[in-house]
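J.: The sequence and its predicted three-dimensional model are supplied below.
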Amino acid sequence: GAVVSQHPSWVICKSGTSVKIECRSLDFQATTMFWYRQFPKQSLMLMATSNEGSKATYEQGVEKDKFLINHASLTLSTLTVTSAHPEDSSFYICSATWAVRGTGELFFGEGSRLTVL
Amino acid sequence: GQQLNQSPQSMFIQEGEDVSMNCTSSSIFNTWLWYKQDPGEGPVLLIALYKAGELTSNGRLTAQFGITRKDSFLNISASIPSDVGIYFCAGLYNTDKLIFGTGTRLQVFP
């Protein structure tokens, strides 16, 4: 199946710093990428939808100035957590699709665990 | 807002036993999906369901899309240790957005 890769797998940072997480589609061109957040023992919650070459669409309650999303190419989307605080510590997961196919068959990355001290 | 509730929250079973878990929603979905997530990994698609009443199998896994389009169940037959993980149902909305269920954590003992 299609491969989606995230980097880094885990990151520890100090409070107040910014952290960038990359999501790459390795063997297909991803027109749309999605960013999810998962707190321990909880479900995945959609944060934002990212379309190549346009601004991301954020879900209600997600601060767009805090979670900066860039989808500059068909194979790369980045999520930057700005001025991170301990409450931002979470597992961030991206998913990607190559077309608006309406099937829900998304390919997920391995996830990136962020710990803010 | 939309919410998908899964039951049971967790299951502890012996290897070889069959497993059944279900997912209910307050809203109608036209597509239901079941994913499995291993610790520290992203979810992996197991089964996708597109029609109300549809029953679909994938190896030892069987899933059904409820007639009301507000529920789905997943069965795993003859469980093995590698079935351990968290199982999430998901409903598809707005073309490619997914809302995930609360999850069922499965533990299999040899």
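T.: Thanks, I have the structure now. Just so it is clear, the structure is predicted and the values come from calculations on it, not from any experiment. Residues are numbered from 1 along each chain as shown, chains lettered A, B, ... in the order given.

J.: going forward, measure contacts and count neighbours with C-alpha atoms only.
T.: Fine.

J.: could you point out where the chain is predicted with low confidence?
T.: Using chain A. When the per-residue scores of chain A are filtered using pLDDT under 70, the ranges that remain are A:1, A:99-104.

J.: Sorry, I should have been clearer: chain B.
T.: Chain B contains residues with pLDDT under 70 at B:1-2.

J.: Get me the contact residues on it for chain A.
T.: When proximity is defined as C-alpha under 8 Å from any C-alpha of the partner chain, chain B approaches chain A at B:31, B:33, B:40-45, B:48, B:88, B:92, B:95-103.

J.: How about the spatially most central residue of chain A, nearest residue that isn't a chain neighbour?
T.: Most central in chain A under C-alpha atoms, centre = their mean is A:Trp35, positioned 3.4 Å from the mean C-alpha point. Distances taken as C-alpha to C-alpha, 6 or more residues apart in numbering or on different chains put A:Cys94 closest to A:Trp35, at 4.5 Å, once the chain neighbours are dropped.

J.: Now for that neighbour: which residues touch it?
T.: Taking C-alpha atoms under 8 Å, 6 or more residues apart in numbering or on different chains as the definition of contact, the neighbours of A:Cys94 are A:Gln6, A:Cys23, A:Met33, A:Phe34, A:Trp35, A:Tyr36, A:Phe108, A:Gly109, A:Gly111.

J.: Need the max-distance pair from these.
T.: Across those, the two members that end up farthest from each other (C-alpha to C-alpha) are A:Met33 and A:Gly111, 13.5 Å apart.

J.: If any of the residues of chain B next to chain A are buried, put those into a PyMOL selection.
T.: Restricted to the buried members of the residues of chain B next to chain A, where burial is judged by 16 or more other C-alpha atoms under 10 Å in any protein chain shown, the PyMOL selection command reads as follows:
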select buried, chain B and resi 31+33+41+42+43+44+45+48+88+92+96+97+98+99+100+101+102+103
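
J.: how far is the top strand by length along chain B from where the chain is centred?
T.: Selection of the longest strand in chain B by residue count, based on DSSP state E, yields strand B:85-93. Taking the mean of its C-alpha atoms, strand B:85-93 sits 6 Å from the chain's own mean (C-alpha atoms, centre = their mean, to the nearest Å).

J.: show me where chain B has helices.
T.: Counting by DSSP state H, chain B has no helices at all.

J.: quick one, strands of it?
T.: For chain B, the strands defined by DSSP E occupy B:4-7, B:10-14, B:19-25, B:32-37, B:44-49, B:55-58, B:61-65, B:71-76, B:85-93, B:97-100, B:104-109.
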